[in-house]
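Student: Here's a sequence, model it:
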Amino acid sequence: MVLLAAAVATKGGKPLVSRQFVEMTRSHVEGLLSSFSKLIQTDTQHTFVETESVRYVYQPIEKLYMVLITTKQSNILEDLETLRLFSRVIPEYCSVIEEREVNENAFNLIFAFDEIIALGYRENVNLNQIRTFTEMDSQEERIFQKVRESKEQEAHKVMKARAHELEMLKRQEQKLSGRGGSGAMASFSRFGKSFGGMGSSATDHGDASPHPMEASPPPRSFAGSGASRPPPGPAKGMVLGGPKTSDSIVKEMGGQSGAFSAQRAAAAPSAKPTASRSGVHIKLEERVSMTADHDSGLESLEIKGIVLLNINNPDDAHCRLVLRNDDSRPILFQTHPNVDKKLFASENIVALKQAGKAFPVNSDVPVLKWRFASTDESHLPLSINCWPSDAGDGKCDVNIEYELVQEQLELHDVMISIPCPTGVGAPTVSSCDGEYKFDKRGTMGWRIPVIDSSSKQGSMEFTMPARETDFFPVTVTFTSQKTYFDVGIEAVGSSDDSGRTIPFSSDSSLIVDKYIVN
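Tutor: Numbering: from 1, shown residues only. Reported below is the predicted structural model:
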């Protein structure tokens, strides 16, 4: 099909939003749209009308029309399918389908139209993908914004504490200048000096005091001479003596600076301690990709695994790994080009071809990969069944359930996302195993913290105005600290003649690349 233009117009023929996808002048588009209102026949149920040069495919949306202008050679079935997608995009950005709302969201509609059509041809996208593309949501941007806000708040607190500190120092200077002028400040600048020694130590403090002592009143004296000063008494001057330290400033600043000090102390150990790792650390990581159809069943299942070797101690770089494979399913293994393939095929040992060569140090080295593909539903990690059914009055009852097929797994943070139509309100949830949250942008999120052999089944039921096809595709994400296959590293030993056993640590994970039910 070749789509010339798409427009939202009133029933009187006034265009509100128009987007042309081929080279056309504005006057040409306006002329075509003005002719459209004259060609509509209200006594027929057709949703298209043709002229000598173009075809209009349209759909009424309350008081407006969604109009597509195509060539006469285009496929009418594809035109109608594209028209339905355009009609579903409009309620996504306009809460009320009326002229004022369309004008306010004109640019958002144009951006969405551009995601559907490129150079006159339909793109293979659905409503969820259009929503994602137009939002341009970025996890990296959100993290950057949070880090920047945190830094700004920290800088604001530091500035506020510093200003409070300077204000207190200014008040102390004012108090001291009222009591003894600059002479008192000279005595204040030396910790442990009393006001009684002012007369005999004036020469010592002359360089330290920035002001002369001409107008200073006679200093107070304590018992004893200047040569032998008694230990300081309960005079207030001793409390003020000495340079300010950060701890004393925080104490004087009161509750506000105390909170700042507590915040600094809490921020210091914020980094979580890393798990204990040996000089040789092995990571086993599996990724699962699954695509299924809610009618025909499993279409494809692929699981890829990798063994990453990280050596921190150079003395252990000359090593070999003994693989343990207790899984009976047909797994296709592939070793690194530098690994001895014959040794691995005969003894399940991962070692370098060249005996005197060592593994790289302080880097994750992929030494072994495996792959498994199947269309047998008994090999699924987690089965998902979504059953929408017509409840009458334009509503649908949706029953979605899960079951853990591989009972040796323990899945964490399972999130099942079900697309929902927008502009019809929130669904009514009658039962749910776990937690759910409805996003007004059109997604029902169902979260199950843990799925294991003790709680391997669960379901959720809800009702909302929709068609049965509106709730697909269903997407699933989860993580696991156990691998799908019973594969691991049994031992690590030295590759030289000593036969030394090398201690090692390991961890494993299973993550989702794609898990979709269409």
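Student: Return, as residue ranges, the portions of the stretch 401-518 of the chain with sub-threshold pLDDT.
Tutor: Within the stretch 401-518 of the chain, the ranges that satisfy pLDDT under 70 run 497.
Student: show me where it has strands.
Tutor: Taking DSSP state E, counting those that start in this stretch, the strands of the stretch 401-518 of the chain run over residues 411-419, 428-432, 435-439, 443-451, 457-465, 474-480, 487-494, 505-517.
Student: tell me the strands in the stretch 1-150 of the chain, going along the chain?
Tutor: 3-10, 15-20, 48-50, 54-61, 64-71, 117-118, 121-122.
Student: Quick one: residues in contact with the last one.
Tutor: Pointing back at strand 121-122 there. With contact meaning Cβ atoms under 8 Å, 6 or more residues apart in numbering, strand 121-122 is reached by 1, 2, 3, 78, 82, 116. To be clear about C-beta, it is placed using only N, CA and C from the backbone, and glycine gets the same treatment.
Student: got the strands of the stretch 1-150 of the chain as JSON lines, with mean pLDDT columns?
Tutor: What follows is the strands of the stretch 1-150 of the chain, written out as JSON lines (pLDDT from 0 to 100):
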{"stretch": "strand 3-10", "mean pLDDT": "88"}
{"stretch": "strand 15-20", "mean pLDDT": "88"}
{"stretch": "strand 48-50", "mean pLDDT": "86"}
{"stretch": "strand 54-61", "mean pLDDT": "88"}
{"stretch": "strand 64-71", "mean pLDDT": "89"}
{"stretch": "strand 117-118", "mean pLDDT": "85"}
{"stretch": "strand 121-122", "mean pLDDT": "83"}
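Student: tally of neighbours for residue 442?
Tutor: Number of residues near residue 442 (other Cβ atoms under 10 Å) recorded here: 20.
Student: about what we covered before: pipe the strands of the stretch 401-518 of the chain into a markdown table and attach distance to residue 63 and mean neighbour count per row.
Tutor: Output for those, formatted as a markdown table (distance: least, Cβ to Cβ, whole Å; neighbours: other Cβ atoms under 10 Å):
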| stretch | distance to residue 63 | mean neighbour count |
| --- | --- | --- |
| strand 411-419 | 27 | 20 |
| strand 428-432 | 29 | 13 |
| strand 435-439 | 28 | 13 |
| strand 443-451 | 29 | 18 |
| strand 457-465 | 20 | 18 |
| strand 474-480 | 35 | 19 |
| strand 487-494 | 63 | 17 |
| strand 505-517 | 37 | 17 |
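Student: Could you dump these into JSON lines with distance to residue 394 added?
Tutor: Shown next, in JSON lines, are the strands of the stretch 401-518 of the chain (distance: least, Cβ to Cβ, whole Å):
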{"stretch": "strand 411-419", "distance to residue 394": "18"}
{"stretch": "strand 428-432", "distance to residue 394": "14"}
{"stretch": "strand 435-439", "distance to residue 394": "19"}
{"stretch": "strand 443-451", "distance to residue 394": "18"}
{"stretch": "strand 457-465", "distance to residue 394": "5"}
{"stretch": "strand 474-480", "distance to residue 394": "22"}
{"stretch": "strand 487-494", "distance to residue 394": "51"}
{"stretch": "strand 505-517", "distance to residue 394": "24"}
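Student: Scan the chain for its longest helix.
Tutor: Ranked by number of residues, the top helix in the chain under DSSP state H is helix 139-188.
Student: What helices and strands are in contact with that one?
Tutor: helix 202-205, helix 236-240, helix 246-267 (3 or more Cβ pairs under 8 Å, 6 or more residues apart in numbering; DSSP states H and E).
Student: what about the chain, any weak spots by pLDDT?
Tutor: In the chain, residues with pLDDT under 70: 1, 42-46, 136-139, 178-276, 497.
Student: Looking at the contacts of strand 121-122, state which has the most neighbours.
Tutor: residue 3 (28 neighbours).
Student: With residue 397 as the reference, name the closest of the strands of the stretch 401-518 of the chain.
Tutor: Closest approach to residue 397 among those (Cβ to Cβ): strand 457-465, 5.2 Å.
Student: can I have that closest one written out in PDB, keeping just the CAs?
Tutor: Output of strand 457-465 as PDB, limited to C-alpha atoms (Å, rounded to 0.1, in the frame of the first residue of the first chain):
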ATOM      1  CA  GLN A 457       1.000 -21.900  40.400                       C
ATOM      2  CA  GLY A 458      -0.900 -18.700  40.500                       C
ATOM      3  CA  SER A 459      -3.600 -16.800  38.700                       C
ATOM      4  CA  MET A 460      -5.200 -13.400  38.300                       C
ATOM      5  CA  GLU A 461      -8.700 -12.400  37.100                       C
ATOM      6  CA  PHE A 462     -10.000  -9.000  36.000                       C
ATOM      7  CA  THR A 463     -12.700  -7.500  33.900                       C
ATOM      8  CA  MET A 464     -12.600  -4.400  31.700                       C
ATOM      9  CA  PRO A 465     -14.200  -3.000  28.400                       C
END
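Student: just checking, what packs against it?
Tutor: Judged by 3+ Cβ pairs under 8 Å, 6+ apart, strand 457-465 is in contact with strand 395-404, strand 428-432, strand 443-451.
Student: ok, it: who's next to it in the sheet?
Tutor: Strand pairing for strand 457-465, using DSSP bridges, gives strand 395-404 (antiparallel), strand 428-432 (antiparallel).
Student: For it, give me every contacting residue.
Tutor: For strand 457-465, contacts defined as Cβ under 8 Å, 6+ apart pick out 391, 394-404, 420-421, 424-434, 436, 444, 446, 448, 451.
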